[in-house]
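[1] sequence below, structure please.
(chains A and B)
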Amino acid sequence: MNLAGLNKIEPYCWEIPAVKGEMHSPVHLYGSEPLLASMDEKVREQITNVAKLPGLVGAAMTMPDAHWGYGFPIGGVAAFDPDLGGIISAGGVGFDISCGIRCLRTNLNLADVTSQAERLANTLFQRIPAGVGEEGALKLSILQLDDIMLGGAEWAIRQGYGVQEDLSFIEEHGRIHNAIPANVSDHAKKRQHGEMGTLGSGNHYLEVQVVDRIYDVDAARTFGLKEGQIVISIHCGSRGLGHQIGTEYLVSLAKAASRLGIELPDRELACAPINSPEGQEYLGAMNAAINVALANRQILTHLTREVFNQIFHDSILETLFDVSHNTCKLEKHKVDGKGRWLYIHRKGATRAFGPGHPALPERYKEAGQPVIIGGSMGTGSYVLAGISESENKAWSSASHGAGRAMSRHTAIKQWRGKELIEELASKGILIRTKSLRGAAEEAPGAYKDVDLVAEVTEKAGLAKRVAFLRPKVCIKG
DNA sequence: ATGTGC
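    So this is what the prediction gives:
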């Protein structure tokens, strides 16, 4: 991205001023000069288009890990006011609705896992269904899927997948309201029928990690993290169901936009007013998919506990937190000192509530919300904490991952999956995957530097670093 | 992301 002509308004934020009559608000690009310079021009183009959509409140913005996406850039954040004709867009949520990361802390340390690493990797790979179209042990009827779409992780726990305590540490306490299963097609439900409790493919993973470095001692203590401790991160979403909802509502929202005379700067930005029938319909379906994703990560948590209990007697795996990073959520935020209810699109961006936020569980009230930046295969991840400053800057949002730096196509030409896996094994990182091509697409070199993303996220005032997690075992989709 | 591509 060419930064010439942009205003540097803060040490880690560049502004594209609003063009009168075209954009409702300016664009704010959070990042450092090197991170922004290496981003595709498309990021700038796409987020400028978002600034042209009706009912936008405040700046349209991108997080430091942003990259080119469908319509909205991944790493894009934008707030819309329904009373001002604000819109909702399927491209602004992403196809993998409520894709996110569940992080579990354990009572194990590095030495426990090192001696059992091969067995752990093999058992996890055997027990955690992963890969395109891979089905799990659960086979559900369409009626049961309706219950999942309403109940989320609560449903999963009622079925025996996990413990009540998990719910306190999941966004929305494991279940988002206003899900409308009737707005989800039978086709979408059928696609999900065998896919509950599965990881999926692409950048999804289950990783066993060791806490390698603590940045913030107090927050780490509150989060229950200490150096040398083993944690587990599960990255996945709403699988076939979310994807099918995205595909279908893209068409319905495009029709609504045309019917209502909404000018779309890009047809990929198909959207409808939140207060229109189509907007409401998508919202109900998207919330249903959020619950499916929350239930999915809950089931995977349970499967992970079973594997750990089999290998390590008396192992305890507690939910540290579960964050979603592809959502549109109704939240109350301050605008010019006044509280307003806004629909916040976060596509490839994590909600990052600061200390004292009423939605936080009691345990994290003072420390702020745990924010998880998932790294690329084999490079490590970060746990951060939400800070108050981010409320004014970015509607309490932060980066979600390393963010791609290169297309999948280019990555395949540059790396071979087998060699990558061998190289990582030589560094003591065990990868298990059904797709060598997938591994090549996910080469660490195809992603931005996660250390830099986490550092810049902190310096930009979006969240503060708490701990760095180094990978040991990675089950790839 | 995705029963990866019409």
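[2] what residues does the stretch 351-477 of chain A put near DNA strand B?
    For the stretch 351-477 of chain A, the contact set with DNA strand B under C-beta under 7 Å from any atom of the strand comprises A:Ser435, A:Arg437, A:Gly438, A:Gly477. Placement of C-beta: from N, CA and C, glycine included.
[3] and with 10 Å instead?
    Listed as neighbours of DNA strand B in the stretch 351-477 of chain A under the rule C-beta under 10 Å from any atom of the strand: A:Gly401, A:Arg404, A:Arg408, A:His409, A:Lys434, A:Ser435, A:Arg437, A:Gly438, A:Glu441, A:Glu442, A:Lys476, A:Gly477.
[4] let me have the residues you listed in a markdown table, extended by pLDDT and distance to A:Gly136.
    What follows is those, written out as a markdown table (pLDDT from 0 to 100; distance: C-beta to C-beta, whole Å):
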| residue | pLDDT | distance to A:Gly136 |
| --- | --- | --- |
| A:Gly401 | 97 | 24 |
| A:Arg404 | 94 | 27 |
| A:Arg408 | 95 | 25 |
| A:His409 | 94 | 30 |
| A:Lys434 | 93 | 14 |
| A:Ser435 | 95 | 18 |
| A:Arg437 | 95 | 23 |
| A:Gly438 | 96 | 19 |
| A:Glu441 | 96 | 23 |
| A:Glu442 | 96 | 22 |
| A:Lys476 | 94 | 17 |
| A:Gly477 | 85 | 13 |
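[5] which of these count as buried?
    For those, a burial check counting by 16 or more other C-beta atoms under 10 Å picks out A:Gly401, A:Arg404, A:Arg408, A:Lys434, A:Ser435, A:Gly438, A:Glu441, A:Glu442, A:Lys476, A:Gly477.
[6] what ranges do the helices span in chain A?
    A:33-37, A:41-50, A:110-114, A:117-127, A:142-158, A:186-192, A:217-223, A:239-259, A:277-311, A:389-394, A:408-414, A:417-426, A:436-441, A:450-459 (DSSP state H).
[7] A:Asn178 against A:Met286, yeah?
    No: counting by C-beta atoms under 8 Å, A:Met286 is not a contact partner of A:Asn178; they are 9.7 Å apart.
[8] more neighbours: which of these two?
    In this view A:Asn178 and A:Met286 are compared by other C-beta atoms under 10 Å, and A:Met286 has more residues nearby, 29 against 12.
[9] okay, the helices of chain A, which one's buried deepest?
    Ranked by mean neighbour count, these are led by helix A:277-311 with a mean of 24 (mean count of other C-beta atoms under 10 Å).
[10] quick one: mean pLDDT over that one.
    If you average the pLDDT over helix A:277-311, you get 98.
[11] any idea how far that helix is from the chain center?
    A distance of 13 Å separates the C-alpha centroid of helix A:277-311 from that of its chain, computed with C-alpha atoms, centre = their mean, to the nearest Å.
[12] of all the helices of chain A, which lies closest to A:Glu207?
    helix A:117-127 (9.8 Å; C-beta to C-beta).
[13] the closest one vs DNA strand B: in contact?
    No: using C-beta under 10 Å from any atom of the strand, we find that helix A:117-127 stays clear of DNA strand B, coming within 16.5 Å at best.
[14] and for stretch A:74-90?
    Yes: judged by C-beta under 10 Å from any atom of the strand, stretch A:74-90 comes into contact with DNA strand B through A:Ile74.
[15] extract the CA atoms of that stretch and return them as CSV.
    Extracted C-alpha coordinates of stretch A:74-90, given in CSV (Å, rounded to 0.1, in the frame of the first residue of the first chain):
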residue,chain,number,x,y,z
ILE,A,74,-10.2,-9.0,6.6
GLY,A,75,-9.2,-7.0,9.7
GLY,A,76,-12.0,-4.5,8.9
VAL,A,77,-14.1,-2.9,11.6
ALA,A,78,-17.1,-0.6,11.0
ALA,A,79,-20.1,0.5,13.1
PHE,A,80,-23.6,1.2,11.8
ASP,A,81,-26.5,2.9,13.4
PRO,A,82,-29.9,1.3,12.5
ASP,A,83,-31.7,4.5,13.1
LEU,A,84,-29.6,6.3,10.5
GLY,A,85,-30.3,3.7,7.8
GLY,A,86,-27.2,1.7,8.9
ILE,A,87,-26.6,-1.5,7.0
ILE,A,88,-25.6,-5.1,7.6
SER,A,89,-23.4,-6.9,5.1
ALA,A,90,-22.6,-10.6,4.8
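[16] which positions in it come out as buried?
    A:74-82, A:85-90.
[17] tell me the bridge partners for the nearest residue to A:Leu462 once chain neighbours are set aside.
    In this structure, A:Leu462 finds its nearest non-sequential neighbour in A:Ala398, 4.2 Å apart by C-beta to C-beta, 6 or more residues apart in numbering. Beta-bridge pairing for A:Ala398 (DSSP bridges): A:Thr350.
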